[in-house]
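J.: Quick one: sequence and predicted model below, then my questions.
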Amino acid sequence: MSFSFNFDVHAQSVSPEDVGESNVKTDKADIAAKHSTDDSPAAENIKEAAEHCPPSDPESLLGDAVSETVTVGTLPPLLFLNETVLEKTASEREDEEKILSRTADQRSDLISGVYEGGLKVWECTYDLLEWVDSDGETFGDKSVLDLGCGAGLLGILALKRGASKVHFQDYNSTVIKQLTLPNVLLNCQEDGPEEEDGGSDSDGEGKGHGKSQNYSEKGKGGENQNEDLKDGAPPVKKRLTEPPQHSALLARCRFYSGDWTTFLALVVKDEPPPKYDIIFTSETIYNTAYYPSLHETLQKLLALDGVVYLATKAHYFGVGGGLHLFEQFVEQQGIFSLHHLWDVEEGLKRHVVGLRFKTGKTT
């Protein structure tokens, strides 16, 4: 299994060797070790949950988008916004939490209880993508939660592979609005139909595959639409009046911010409360203070025969969390069985594990 990166702006290829130096694979353990010990204990921080709906004109989110593409094995390419652009345009972006400016000022990618690292793609996310590639999961008609989603690559993969619904959750509302939502839209556009009569199914499920729009080179898409016209293609004006292809895929998605306790309280108000066939969570057990709320969220939201896929490092220096401590916590609760699915031995050991309910232990 292998993955590669592609910067859409300069059509630059990036080798796996180069990735180790890239900020998209920053080690969360190293970042955590730089935390100030004066921060309030994580367990005392509460960030109220909220649901975020796409704007009426979703494509406005991509006005200055500069995207990268990650390719993992046989999985479909996944697009996500370049973090550097977010940092450089921080003053122009909606950011009530001020995390874009604070992370730049403090030169920190993790501020406990304030910002939990969602603007970066951490390396265990790629481990989990590689595991999915090897496992052959297709997600057809399944309900998926991307918990602690950040860029949302895991949930986006499920969406592109036929999940019936995908819900995204991150601690920070800025991450959801400025990163996750635009990334979902980028990938919906990537899968859009090339022509009015050639791409989408009549049931509106958006399964057609056509040319992706380029939002990177000049800052927005559609500037060379005349070049896309082929014999028999409808006029540009007519195509623009059609419902956008991304609407069907976005309709399968919901987006939430907030800490896990208030997120859980919010979503269980739905009738019926959601139950997810698959819950993805990556690099979320670095702080032991979060284990109770994480465990409760998984317990209340996982379907009876569902599975949690968790990707993690063996240990997170600086905050003290890691797989061994989380395994002990899970065992003490007696609700889930935990199985090692893939162990990565090079460097700081990393793991992909699966959690399933023990018989009769769902409540």
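T.: Yes, it's here.

J.: Helices along the stretch 251-363 of the chain, start to end?
T.: With DSSP state H, counting those that start in this stretch as the criterion, the stretch 251-363 of the chain has helices at 260-267, 291-301, 323-333.

J.: Can you check which of the ones you listed gets nearest to Thr125?
T.: helix 323-333 (15.9 Å; CB to CB). C-beta here means a position set from N, CA and C on the backbone, and glycine is covered the same way.

J.: Distance check, Ser56 against Ala251.
T.: In this view, Ser56 and Ala251 are 14 Å apart by CB to CB, to the nearest Å.

J.: In terms of neighbours, single out the busier of those two.
T.: Ala251 (13 against 6; other CB atoms under 10 Å).

J.: Model confidence score at the more buried one, please.
T.: Turning to Ala251, the model gives it a pLDDT of 90.

J.: One more: Ala43?
T.: Looking at Ala43, the pLDDT reads 42.

J.: Please apply the same query to Pro77.
T.: 95.

J.: ok, it touching Ser67?
T.: No: in this structure, Pro77 is not within contact of Ser67 by CB atoms under 8 Å, at 10.5 Å.

J.: Between those two, which is the more surrounded one?
T.: A count of neighbours by other CB under 10 Å puts Ser67 above the other of Pro77 and Ser67, at 24 against 14.

J.: Bridged to that one, which residues?
T.: Under the criterion DSSP bridges, Ser67 forms beta bridges with Leu81.

J.: so it sits right up against Asn82, yeah?
T.: Yes: using CB under 8 Å, Ser67 is in contact with Asn82, at 6.5 Å.

J.: mind showing which ranges of the stretch 151-300 of the chain have poor pLDDT?
T.: Where the stretch 151-300 of the chain drops to pLDDT under 70, the residues are 190-246.

J.: That one: strands as residue ranges?
T.: For the stretch 151-300 of the chain, strands defined by DSSP state E, counting those that start in this stretch occupy the ranges 165-170, 253-257, 276-282.

J.: Just say which of those strands is most tucked in.
T.: Greatest average neighbour count among those goes to strand 165-170 (a mean of 26), per mean count of other CB atoms under 10 Å.

J.: Quick check: chain neighbours aside, which residue is closest to Glu322?
T.: Quick fix: residue 322 is Gly, not Glu. Leaving out its chain neighbours, the residue that sits closest to Gly322 by CB to CB, 6 or more residues apart in numbering is His315, at 3.7 Å.

J.: Ok, Leu186 next?
T.: Leu79 is the one closest to Leu186 (CB to CB, 6+ apart), at 4.3 Å.

J.: May I ask which helix or strand encompasses that neighbour?
T.: Per DSSP states H and E, Leu79 falls inside strand 78-81.

J.: what sits up against that strand?
T.: For strand 78-81, the external contacting residues (CB atoms under 8 Å, 6 or more residues apart in numbering) are 8, 65-72, 121, 129, 151-153, 156-157, 160, 179, 182-183, 186-187, 190, 212.

J.: re the thing from before, out of the helices of the stretch 251-363 of the chain, which comes closest to Asp141?
T.: Across these, closest to Asp141 is helix 291-301 (CB to CB), at 18.1 Å.

J.: Show me which residues of the closest one are buried.
T.: Residues of helix 291-301 classed as buried: 291, 293-295, 297-301 (neighbour count, 16 or more other CB atoms under 10 Å).

J.: just checking, what packs against that helix?
T.: strand 143-147, helix 260-267, strand 276-282, helix 323-333 (3 or more CB pairs under 8 Å, 6 or more residues apart in numbering; DSSP states H and E).

J.: For Ala158, give its distance to Leu145.
T.: Using CB to CB, Ala158 is found at 9 Å from Leu145.

J.: Between the two, which contacts overlap?
T.: With CB under 8 Å, 6+ apart as the test, Ala158 and Leu145 both reach 166, 278, 280.

J.: Could you let me know which of those ends up closest to Leu325?
T.: Phe280 (20.7 Å).
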